[in-house]
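Student: below is the sequence, then the predicted model.
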Amino acid sequence: EDQVTQSPEALRLQEGESSSLNCSYTVSGLRGLFWYRQDPGKGPEFLFTLYSAGEEKEKERLKATLTKKESFLHITAPKPEDSATYLCAVPGEGDDKIIFGKGTRLHILP
Amino acid sequence: KAGVTQTPRYLIKTRGQQVTLSCSPISGHRSVSWYQQTPGQGLQFLFEYFSETQRNKGNFPGRFSGRQFSNSRSEMNVSTLELGDSALYLCASKAQTSGYGYTFGSGTRLTVV
């Protein structure tokens, strides 16, 4: 069964303190890995799709990387507005189903 | 361009009642998916519709059902509500028949008392 595990569950950082969030996955054949951001009371907002090991994508202070077993979301010099839950996901069986991890709650202190 | 619109935003129901949630996808998007989000289980796939046909279904009991109309708007229904059905119900839409460019709505917060 396809699975996505994220760690840590929660992370508190000082403003400017860089760190990484981890997403490990078990799938029968990787057809992509997604990162979403979710703010309280809102739906997930799409950030990145990664398709193959070694691929990297960047957006402002965020960089996502992919290996054969896991993905990392690196946050460089974060600001309080980066506080959110970050969700990792993979396509499930049947193509139009997404399997989400439980997310990492990130809190950036000013 | 309007986003995915879900109504109502908040709902309180009593155990045993039924509820219908509505989702209007982005104009031109023909695929609509529904997810349940709870603190314990996270985001879980309910079902996906394309051109009024259910193409995929998650592991939920038959009390959870949905449908899609010819204008791509979708509804989901939960009958005989249980306390454990309290959750944020999210709808997502996308334009293509393949690929994963989903846009999510802000959800409907259902509380069962």
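Tutor: Arrived safely, thanks for sending.
Student: near chain A, which residues of chain B?
Tutor: Applying C-beta under 8 Å from any C-beta of the partner chain, we find that chain B lies next to chain A at B:4, B:31, B:33, B:35, B:41-45, B:48, B:50, B:55-56, B:58, B:90, B:92, B:98, B:100-107. To be clear about C-beta, it is placed using only N, CA and C from the backbone, and glycine gets the same treatment.
Student: 6 Å instead, please
Tutor: Counting by C-beta under 6 Å from any C-beta of the partner chain, chain B comes close to chain A at B:42-43, B:45, B:48, B:55-56, B:90, B:104-107.
Student: nearest to chain B: which residue in chain A?
Tutor: Closest residue of chain A to chain B, C-beta to the nearest C-beta: residue A:43 (3.1 Å).
Student: can I assume that residue is in contact with residue B:109?
Tutor: No. Using C-beta atoms under 6 Å, residue A:43 is not in contact with residue B:109, being 11.6 Å away.
Student: show me which of those two is the more surrounded one.
Tutor: residue A:43 (23 against 16; other C-beta atoms under 10 Å in any protein chain shown).
Student: wait, is that one part of a strand?
Tutor: No. Under DSSP: H, G, I helix; E, B strand; the rest coil, residue A:43 sits outside any strand and is assigned coil.
Student: who's the closest residue to it other than its chain neighbours bridged to?
Tutor: Closest residue to residue A:43 apart from its sequence neighbours, by C-beta to C-beta, 6 or more residues apart in numbering or on different chains: residue B:104 at 3.1 Å. Note on residue B:104: beta-bridge partners by DSSP bridges are residue B:92.
Student: pull up the per-residue confidence for residue B:104.
Tutor: Listed pLDDT for residue B:104 reads 95.
Student: contact partners for it?
Tutor: By C-beta atoms under 6 Å, 6 or more residues apart in numbering or on different chains, residue B:104 lies in contact with A:43-44, B:90, B:92.
Student: from residue A:101, how far out is it?
Tutor: Taking C-beta to C-beta, to the nearest Å as the measure, residue B:104 falls 16 Å from residue A:101.
Student: give the buried residues for stretch B:21-32.
Tutor: Neighbour counts over stretch B:21-32 (16 or more other C-beta atoms under 10 Å in any protein chain shown) mark B:21, B:23-26, B:29-32 as buried.
Student: export the residues you listed to CSV and tack on secondary structure and pLDDT?
Tutor: Formatted as CSV, the buried residues of stretch B:21-32 follow (DSSP: H, G, I helix; E, B strand; the rest coil; pLDDT from 0 to 100):
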residue, secondary structure, pLDDT
B:21, strand, 98
B:23, strand, 98
B:24, strand, 98
B:25, coil, 96
B:26, coil, 93
B:29, coil, 91
B:30, coil, 91
B:31, strand, 91
B:32, strand, 95
